[in-house]
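Asks: The amino acid sequence is not available; the structure is as follows:
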């Protein structure tokens, strides 16, 4: 089943004067935080979606719930007009970038100020054409801290690092703290370090003085400053600000598999609240709640050939990526086992229409996979959402050939979008290319929501034009608010394995 797409032009939200966002001179939003005072009077602020396209005539919704009066534009870019009776904003030729428009309603003796915030993007951002990255061999990048513009999609990108040492984790991991204040990343080609960055700007905060054998075991918890990791029989908590460790729980059994990892690889993560985490000892897995210390029943997974298992976004389910049985779902107490997909691909967990929990992934071209293709009207170029409640499959994105995406969806933003870093397989854009290949893409999960947003070419490729390994693949990480996306790429030096830097997009 295919989800229909239509470009939606605006949504209306209400906020207070002190909580609104400002735009810097270069068009980038500057977060002001919640600075409202107790005396600040609420006023309507109409926040418009990114689906305003440069050069295409645009008209807003008419403001609702306000008295009759006379409207006028008080501030805004050249060419913006308002209907004096209805308050509707019109702009014949929107220009690319961030824009702030102030209008004013005069009704009787009262004056009502209204502020509009527009992000105007290039039409290519919503195109369905094959769009190749130009200057593939000699693309020039700024130093760390500098901004550049993607030449195809017009997205502004900040380069966070320039030492080509970012290792990172798989995109299904939550890399931002629960309040999005911090971002944590594994760096270092020779001496591994766990690096803490500012979650809003990407600025360096510090390297954490932690001696952990495998940084892939670190997870963010519900406490904004606390990461957790296994240490022998203990589950440890560590405050990244105060650098104080504490024992969360000491178990009778040593935690982790033979490699010390929790339930397989990077994909094992907390639920959206940061409370439920799937733990393991000697192949036996169980759910554990950090806040209440509730411990669920154990299940022996030694015969399942596990790639990894994880808690679902809601915390009500356990999802397993099994090498021979595909994606399998259980209730949190391990009852009601059922298969969602026949293969074990990269996947993440999100919500259809904001409330229906689902796995977002691909379906392989196996015999069982092709049976599902036929049944649900999808194929190898489809990204699908598989609903937990009934196993129904919905296509949410389609390319013109098989592709392998790295997928990111975390609590909060996962009720609206998933974000993909789609591999390019070392393809030469001058020779062959395909739709969405080599791109960072935002995919809405609501039927009838905004069209698929193409953000940038990540320009990440393999050092020898083969299929990607983890050392060469792109990764993207979205934050909880859905307004920052960090990604890694070897666009500055792909001649050796693992020479990635970190980049940031403000959404």
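Replies: That came through fine. Computed from a predicted model, the values in this text were never measured in an experiment. Residues are numbered from 1 along each chain as shown.
Asks: The stretch 101-250 of the chain: strands as residue ranges?
Replies: Per DSSP state E, counting those that start in this stretch, the stretch 101-250 of the chain carries strands over the ranges 110-121, 147-149, 156-159, 182-187, 193-198, 204-208, 219-220, 226-231, 234-239, 245-250.
Asks: Give the pairing partners of the shortest one; include direction for each.
Replies: According to DSSP bridges, strand 219-220 forms sheet pairs with strand 226-231 (antiparallel).
Asks: Return the distance of the partner strand from the chain's centre.
Replies: Centre-to-centre, strand 226-231 and its host chain are 23 Å apart (C-alpha atoms, centre = their mean, to the nearest Å).
Asks: List of residues touching it?
Replies: 184, 212, 217-221, 235-240, 248, 255-256, 260, 262, 277, 279, 290 (C-beta atoms under 8 Å, 6 or more residues apart in numbering). The C-beta positions use only the backbone N, C-alpha and C, and glycine is treated the same way.
Asks: What strand or helix carries residue 503?
Replies: Per DSSP states H and E: residue 503 is located in strand 501-506.
Asks: That strand: partners in the sheet, and parallel or antiparallel?
Replies: strand 156-159 (antiparallel), strand 484-489 (antiparallel).
Asks: Residue 196 is nearest to which of those strands?
Replies: For residue 196, the closest of the strands paired with strand 501-506 is strand 484-489, at 13.0 Å, according to C-beta to C-beta.
Asks: The nearest residue to residue 368 once chain neighbours are set aside and residue 322, how far apart?
Replies: Spatially, and ignoring its direct neighbours in sequence, residue 368 is nearest to residue 342 (4.0 Å; C-beta to C-beta, 6 or more residues apart in numbering). Residue 342 is 10 Å from residue 322, where distance means C-beta to C-beta, to the nearest Å.
Asks: Okay, domains of this protein per the record?
Replies: 13-123, 135-169+347-507 (automatic domain parsing).
Asks: pLDDT on the first one, on average?
Replies: Put plainly, it is domain 13-123. Mean pLDDT, domain 13-123: 72.
Asks: Ok, the last one next?
Replies: Model confidence over domain 135-169+347-507 averages 91 on the pLDDT scale.
Asks: which element is the residue nearest to residue 427 when sequence neighbours are not counted on?
Replies: Spatial nearest neighbour of residue 427, chain neighbours left out: residue 433 (6.0 Å); criterion: C-beta to C-beta, 6+ apart. Under DSSP H and E, no helix or strand contains residue 433.
Asks: Hmm, residue 433 is touching residue 136, no?
Replies: No: Residue 433 lies out of contact with residue 136 (C-beta atoms under 8 Å); the separation is 10.1 Å.
Asks: Residue 107 is in contact with residue 68, isn't it?
Replies: Yes: in this structure, residue 107 is within contact of residue 68 by C-beta under 8 Å, at 6.4 Å.
Asks: Can you classify residue 473 as helix, strand or coil?
Replies: Assigned with DSSP: H, G, I helix; E, B strand; the rest coil, residue 473 falls in the coil class.
Asks: got a list of what it touches?
Replies: Counting by C-beta under 8 Å, 6+ apart, the residues that residue 473 touches are 406, 421, 423, 460.
Asks: Quick check: the gap between it and residue 443.
Replies: 18 Å.
Asks: what pairs with residue 73 across the strands?
Replies: residue 103.
Asks: Next one: the residue nearest to residue 111 when sequence neighbours are not counted from residue 70, what distance?
Replies: Spatial nearest neighbour of residue 111, chain neighbours left out: residue 104 (6.0 Å); criterion: C-beta to C-beta, 6+ apart. Computed as C-beta to C-beta, the residue 104 to residue 70 distance reads 9 Å.
Asks: next one: residue 186
Replies: Using C-beta to C-beta, residue 186 is found at 58 Å from residue 70.
Asks: Specify which residue of these two has the higher count of neighbours.
Replies: residue 186 (18 against 12; other C-beta atoms under 10 Å).
Asks: can you pull the pLDDT of the more buried one?
Replies: 91.
Asks: from here on, count from 48
Replies: Will do, 48 is the new start, and the previous item becomes residue 233.
Asks: That one contacts residue 212, doesn't it?
Replies: No: with contacts defined as C-beta under 8 Å, residue 233 does not count as touching residue 212, sitting 9.6 Å away.
Asks: can you pull out the helices in the stretch 298-447 of the chain?
Replies: 414-423 (DSSP state H, counting those that start in this stretch).
Asks: Next, count neighbours for residue 168.
Replies: 23.
Asks: thinking residue 129 is in contact with residue 121, fair?
Replies: No: applying C-beta under 8 Å, one finds residue 129 not in contact with residue 121, separated by 9.6 Å.
Asks: Now the common contact residues for the two.
Replies: Shared contacts of residue 129 and residue 121, defined by C-beta under 8 Å, 6+ apart, comprise residue 150.
Asks: Now do the same contact list for residue 293.
Replies: Applying C-beta under 8 Å, 6+ apart, the residues contacting residue 293 are 283, 284, 285.
Asks: Look up which residues are beta-bridged to the second one.
Replies: Taking DSSP bridges, one finds residue 275, residue 293 as the beta-bridge partners of residue 284.
Asks: What number of residues are in the vicinity of it?
Replies: 19.
Asks: Kindly provide the distance from it to residue 293.
Replies: In terms of C-beta to C-beta, residue 284 sits 5 Å off from residue 293.
Asks: mind listing the strands for the stretch 298-447 of the chain?
Replies: Using DSSP E, counting those that start in this stretch, strands in the stretch 298-447 of the chain cover 323-328, 331-336, 346-347, 353-358, 364-369, 373-378, 385-388, 395-399, 403-408, 429-434, 440-445.
Asks: and of those, who's closest to residue 250?
Replies: strand 395-399 (27.0 Å).
Asks: about what we covered before: if you count surrounding residues, which of residue 154 and residue 115 has more?
Replies: For residue 154 versus residue 115, neighbours defined as other C-beta under 10 Å are more numerous around residue 154 (13 against 9).
Asks: Not counting residues beside it along the chain, what's closest to the more buried one?
Replies: Nearest non-adjacent residue to residue 154, counting by C-beta to C-beta, 6+ apart: residue 116, 3.1 Å away.
Asks: quick revisit: what's the PyMOL line that selects buried ones from the contacts of residue 520?
Replies: The following PyMOL line selects those of these that are buried, judged by 16 or more other C-beta atoms under 10 Å:
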select buried, resi 453+468+470+507
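Asks: Look up the residues forming beta bridges with residue 163.
Replies: Under DSSP bridges, the beta-bridge partners of residue 163 are residue 93, residue 148.
Asks: Thank you, goodbye.
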